[in-house]
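Participant: Sequence first, then the predicted structure, then my questions.
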Amino acid sequence: MLPFLAMGAAVYGMAVDNMQAVQRALLFYPDPQRPDPGRWGAADFELVGTRTEDGLDITGWYHPPAADDRPVVVLFHGNAGHVGHRVFKARELTAAGFGVFLAGYRGFGGNPGSPGETGFMRDAAAQIRWLGAKGIGTARLVLYGESLGTAVAVRIAHGLAGRATPVAAVVLETPFTSLADVAQHHYPLVPFRSIIVDRFDALRDVAQVGAPVLVLHGDRDDVVPQRLGRQLYDAAADPKEAVWIPGGHHNDLWSRGAGDAIVRFVTARTR
């Protein structure tokens with residue numbers, strides 16, 4: 001019996017080591033091609049190049065607001081594709097008069113570098129600095145995270161909360177507590193809480209974002225279970241709102257009224 005147990009332990013250990021080595025390949029699914037805004041129905045968006053603190057040039061797409069006093073929504077997308085895949089969301093937001101910045105990530109959409117948590121935060125910070133240089137202060141910023149991007153939005157909002165004026169609002173679509181919790185849900189036998197490299201721990205920061213929070217989550221999400229979104233919502237400070245969408249999956253919330261809910265929330269919080 002003991003030799004078999006030892007063999008089983010060795011095989012398990014090898015599997016865990018392999019999972020640790022390949023976890024970024026399992027997490028990030030970037031489209032490496034640089035998308036053309038015109039081909040994605042966004043010819044009126046400006047291509048914006050920003051330099052990160054570690055010297056990478058990251059491209060995002062920017063559409064100005066309808067008026068100088070209107071908010072700008074910075075959209076941090078999820079772990080797959082590129083910014084072009086989010087134009088349909090941007091269109092509904094620009095139609096409401098909001099500015100939109102589709103934030104690019106390293107390793108996605110023709111940007112240099114490799115995906116990773118630290119790098120994403122640097123990319124986001126560089127793009128926030130660019131907006132600041134354009135005269136768009138934190139009081140007019142709405143940070144909108146989608147799936148993996150929710151952790152980016154929470155971290156950046158937390159970092160800006162110490163300023164005299166925090167961001168106007170934070171929108172979190174299909175959020176989670178931490179990436180380790182999501183991974184543990186999908187791979188319950190792997191000790192992800194101890195081996196994961198990119199932790200994306202939104203639960204740690206969400207209570208100190210210093211701004212109203214909107215959470216949207218479907219009850220049939222099989223990628224990020226809704227219970228993790230509810231835990232994050234419970235940890236957020238007031239004022240906060242939640243839209244729990246019956247029948248909603250991970251990628252279909254905009255077909256179930258999420259866009260309308262976001263426009264109403266942003267409008268109410270930025271008057």
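Facilitator: Thanks, I have it. Predicted model, so just to flag it, every value in this text is computed and none were measured.

Participant: which residue ranges form the helices in the stretch 151-271 of the chain?
Facilitator: 179-186, 192-195, 202-205, 226-235, 258-269 (DSSP state H, counting those that start in this stretch).

Participant: Could you name the helices and strands sitting against the last one?
Facilitator: Contact analysis of helix 258-269 by 3 or more C-beta pairs under 8 Å, 6 or more residues apart in numbering; DSSP states H and E lists helix 87-95, strand 141-146, strand 169-173, strand 213-218, strand 240-245 as its packing neighbours. In short, each C-beta sits where N, CA and C put it, glycine included.

Participant: any idea how far the third one is from the chain center?
Facilitator: For strand 169-173, the gap between its own C-alpha mean and the chain's C-alpha mean amounts to 9 Å (C-alpha atoms, centre = their mean, to the nearest Å).

Participant: do the same with the fourth one
Facilitator: Relative to the mean C-alpha coordinate of its chain, strand 213-218 is positioned 13 Å out (C-alpha atoms, centre = their mean).

Participant: State the paired neighbours of that strand in the sheet, together with their directions.
Facilitator: Strand pairing for strand 213-218, determined by DSSP bridges: strand 169-173 (parallel), strand 240-245 (parallel).

Participant: wait, which of those strands is closest to A151?
Facilitator: Ranking the strands paired with strand 213-218 by proximity to A151 (C-beta to C-beta) places strand 169-173 first, at 9.1 Å.

Participant: now the angle from that closest one to strand 141-146?
Facilitator: Angle of strand 169-173 versus strand 141-146, following axes from the mean of the first three to the mean of the last three C-alpha atoms, to 10 degrees, is 10 degrees.

Participant: Run through the strands of this protein in chain order.
Facilitator: 29-30, 46-51, 57-63, 72-76, 80-81, 99-103, 141-146, 169-173, 213-218, 240-245 (DSSP state E).

Participant: tally of neighbours for S255?
Facilitator: 11 (other C-beta atoms under 10 Å).

Participant: Tell me the spacing between it and G78.
Facilitator: Going from S255 to G78 by C-beta to C-beta, to the nearest Å gives 16 Å.

Participant: Any chance of CSV for the strands of the chain, columns distance to I195?
Facilitator: As requested, the strands of the chain are exported to CSV (distance: least, C-beta to C-beta, whole Å):
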stretch, distance to I195
strand 29-30, 20
strand 46-51, 32
strand 57-63, 28
strand 72-76, 25
strand 80-81, 23
strand 99-103, 28
strand 141-146, 25
strand 169-173, 26
strand 213-218, 27
strand 240-245, 32
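
Participant: For G159, which of the ones you listed is the nearest?
Facilitator: strand 141-146 (10.6 Å).

Participant: The closest one: partners in the sheet, and parallel or antiparallel?
Facilitator: strand 72-76 (parallel), strand 169-173 (parallel).

Participant: Quick one: mean pLDDT over the first one.
Facilitator: This points to strand 72-76. For strand 72-76, mean pLDDT rounds to 98.

Participant: could you check the angle strand 99-103 makes with it?
Facilitator: Going by the same axes, to 10 degrees, strand 72-76 makes 20 degrees with strand 99-103.

Participant: which outside residues touch strand 72-76?
Facilitator: Contact with strand 72-76 is made by 64-65, 83, 86, 89-90, 93, 98-103, 120, 124, 127-128, 131, 136, 140-146, 149-150, 152-153, 156, 171, 266, as judged by C-beta atoms under 8 Å, 6 or more residues apart in numbering.

Participant: could I get that strand in PDB with only the CA atoms?
Facilitator: C-alpha atoms of strand 72-76 as PDB (Å, rounded to 0.1, in the frame of the first residue of the first chain):
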ATOM      1  CA  VAL A  72     -15.000  59.100 -19.200                       C
ATOM      2  CA  VAL A  73     -15.400  55.300 -18.700                       C
ATOM      3  CA  VAL A  74     -12.200  53.400 -18.700                       C
ATOM      4  CA  LEU A  75     -13.000  49.800 -19.700                       C
ATOM      5  CA  PHE A  76     -10.600  47.100 -18.600                       C
END
